[in-house]
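Engineer: After the sequence you'll find the predicted model.
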Amino acid sequence: MAVTITYFPVRGRTEVMRLLLADQGQEWKDEDISFQTWASGDLKKEAVFGQLPKFQDKDFVLYQSGAILRYLGRKHGLYGKDDKEAALIDMAYDGAEDLRTKYITLIYQDYDTGKQKYIDDLPKQLSPFEKLLSQHCNGKRFIAGDQISFADYNLLDNLQNHLVLAPDCLKMFPLLSAYVDRMNSRPKLKAYLESDKHKQRPLNANSKQ
């Protein structure tokens with residue numbers, strides 16, 4: 001049975017969920033909420049913390065994107081082989097979320113005046129992920145080891161966003177560049193990325209990218 005993602009009609013914080021579900025062969029339904037509907041307040045009152053996304057798996061409902069991804073990580077065996085590997089996955093996920101927060105601030109607050117400085121500072125922001133990759137399987141597998149985890153989908157989504165913002169941002173990072181190519185080539189993920197379902201959904205709500 002398909003799970004349901006309730007969010008605005010953009011990729012935003014939920015695209016990482018779609019990447020994970022597509023790659024794992026899990027069907028899902030997108031329930032898009034217009035900004036006008038959200039502004040009316042009724043749905044916001046239902047949300048535990050007054051925010052979307054909302055995720056539903058049968059009668060089980062979750063809010064908060066991190067909680068949703070960790071749930072999917074456990075459900076699909078994407079949370080490591082032991083406690084130590086799970087902790088490394090959490091660390092990589094949190095690092096990618098720090099990068100996402102900076103990206104969101106740029107897109108919605110500082111784009112017109114801060115874009116160039118953000119791009120100039122990107123090598124400093126991306127280098128920790130290159131280092132993390134190098135520590136596992138000579139950089140030829142995944143961000144926290146030899147098996148894919150939910151953190152990989154989060155990192156991939158972040159990197160894809162930044163490649164739109166700054167197409168040359170990975171030129172200094174051969175492991176990250178190869179990682180993106182490798183992830184994008186996974187058959188089910190590749191099919192989703194090439195689909196209208198992915199391509200026709202805007203990246204951000206304000207058309208800046």
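Structural biologist: Ah, there it is.
Engineer: all strands for the chain, in order.
Structural biologist: With strands called from DSSP state E, the chain shows them at 3-7, 28-32, 54-57, 60-63.
Engineer: can you dump the C-alpha coordinates of the last one into PDB?
Structural biologist: Below are the C-alpha coordinates for strand 60-63, written out as PDB (Å, rounded to 0.1, in the frame of the first residue of the first chain):
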ATOM      1  CA  PHE A  60       0.400   5.900  11.400                       C
ATOM      2  CA  VAL A  61       1.000   9.600  11.100                       C
ATOM      3  CA  LEU A  62       4.300  11.500  11.500                       C
ATOM      4  CA  TYR A  63       5.500  15.100  11.300                       C
END
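Engineer: Which residues outside it are in contact with it?
Structural biologist: Outside strand 60-63, the residues that touch it by C-beta atoms under 8 Å, 6 or more residues apart in numbering are 47-49, 51-56, 68, 71. Any C-beta I mention is one placed from the backbone N, CA and C, and that applies to glycine too.
Engineer: about what we covered before: mind putting the strands of the chain into TSV with distance to residue 184?
Structural biologist: Shown next, in TSV, are the strands of the chain (distance: least, C-beta to C-beta, whole Å):
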stretch	distance to residue 184
strand 3-7	21
strand 28-32	20
strand 54-57	24
strand 60-63	28
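Engineer: can you put these in a markdown table and add mean neighbour count and distance to residue 135?
Structural biologist: Shown next, in a markdown table, are those (neighbours: other C-beta atoms under 10 Å; distance: least, C-beta to C-beta, whole Å):
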| stretch | mean neighbour count | distance to residue 135 |
| --- | --- | --- |
| strand 3-7 | 20 | 33 |
| strand 28-32 | 14 | 33 |
| strand 54-57 | 20 | 32 |
| strand 60-63 | 14 | 31 |
